[in-house]
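J.: structural data only, the sequence is not supplied:
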Ligand SMILES: Nc1ncnc2c1ncn2[C@@H]1O[C@H](COP(=O)(O)OP(=O)(O)OP(=O)(O)O)[C@@H](O)[C@H]1O
């Protein structure tokens, strides 16, 4: 955790409740990662833990120079609950990846491990080819920025929208208050929000809160000479939203991606993103490639259009929502 002064408030900005029934994270974070560079990246076959019989299609890549994040054989238990049991995958530059799977299978846990908020019990996380050691630290100032947008939006209740969105800039950047304020207004406009800067989170709808959280994740310090590539991790960004509000958020996720364009036709800044979701609309609209997590492992991966046509029994059951199949509740 870390604290900062914002007006009269002294606030922790990277703390969260560990218990499942109190999973609301107090604040989204932008997590600069330890170590950067591509040297010494040991080449491995894509996801060695896969049983190839479960794979509908293996995408071949010439090399790993575009790999931003790799989880290699990651294990995580909470007491007697062995949640992750050998999870391996790679996230490449430019990818829009979805993580799906039954409830409680560890999707949020793997996002927190990637973000450096949780440490794996075993296995490694590589960020641009360098092994991450431990959790995110205050000394990490360069490399790949990894932002986690929490399920709950996780806004500070006592701060205005402006203070929430500009939070990290008020603490970390050399920008003036006026510059930050201007940037906050522009970033809010990019997510379709105008005139809400002085409102408190309690005065916003659920969909607006999610968009404010998204604005907080994409705002960046324009006073820095080089802008680092960024990966955004979204934990169920459309949960609880009506279908139209979901579409708005899904399109925003696409538009902040480098491949996408915002309302004014500018290219997005996010190099890659990962979305944990249960919503079919989000899978179809916001994601290109899927990883299916079940019983502690990635049991299937494929492109989004392969999801509904897959003959894998686990995928078929999940896609159809059937009670019959290998997944038991
Ligand atoms: N900090 C923690 N302490 C104890 N148990 C935890 C902790 N974090 C997660 N768990 C447990 O680990 C399991 C996986 O949780 P996680 O939130 O990662 O699942 P999920 O796949 O995201 O689920 P859902 O789809 O329901 O959101 C759950 O049983 C949860 O109760």
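T.: Received it, and whenever you're ready, just let me know what you need. Just so we're clear, the structure is a prediction, and the values are computed from it rather than from any experiment.

J.: can you get me a residue count around residue 283?
T.: 19 (other Cβ atoms under 10 Å). Bear in mind the C-beta positions are built from the backbone N, C-alpha and C, glycine included.

J.: now do the one 4 residues further on
T.: The criterion is other Cβ under 10 Å. On that basis, residue 287 has 24 neighbouring residues.

J.: for it, list the residues it contacts.
T.: By Cβ atoms under 8 Å, 6 or more residues apart in numbering, residue 287 lies in contact with 96, 97, 98, 275, 277, 304.

J.: isn't residue 150 right up against residue 214?
T.: No - using Cβ atoms under 8 Å, residue 150 is not in contact with residue 214, being 11.2 Å away.

J.: the residue most central in space within the chain pairs with what?
T.: Central residue of the chain (Cα atoms, centre = their mean): residue 233, 0.5 Å from the mean position. Beta-bridge pairing for residue 233 (DSSP bridges): residue 148, residue 274.

J.: use 20 as the first number from now on
T.: Okay, residue one is now 20; in that scheme the one you just asked about reads as residue 252.

J.: that one: what's it in contact with?
T.: Per Cβ under 8 Å, 6+ apart, neighbours of residue 252: 130, 133, 134, 165, 166, 167, 168, 292, 293, 295.

J.: how about the strands in the stretch 220-348 of the chain?
T.: 249-254, 289-295, 308-313, 316-322 (DSSP state E, counting those that start in this stretch).

J.: any idea of the mean pLDDT for the second one?
T.: The one in question is strand 289-295. Averaged across strand 289-295, pLDDT comes to 90.

J.: now swap in the third one and tell me
T.: Per-residue pLDDT over strand 308-313 has a mean of 95.

J.: likewise stretch 189-199?
T.: The average pLDDT within stretch 189-199 is 83.

J.: picking that back up, mind putting the contacts of residue 306 in a markdown table, distance to the ligand and neighbour count included?
T.: Formatted as a markdown table, the contacts of residue 306 follow (distance: Cβ to the nearest ligand atom, whole Å; neighbours: other Cβ atoms under 10 Å):
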| residue | distance to the ligand | neighbour count |
| --- | --- | --- |
| 115 | 19 | 20 |
| 116 | 15 | 23 |
| 117 | 13 | 24 |
| 294 | 12 | 27 |
| 296 | 9 | 23 |
| 323 | 19 | 17 |
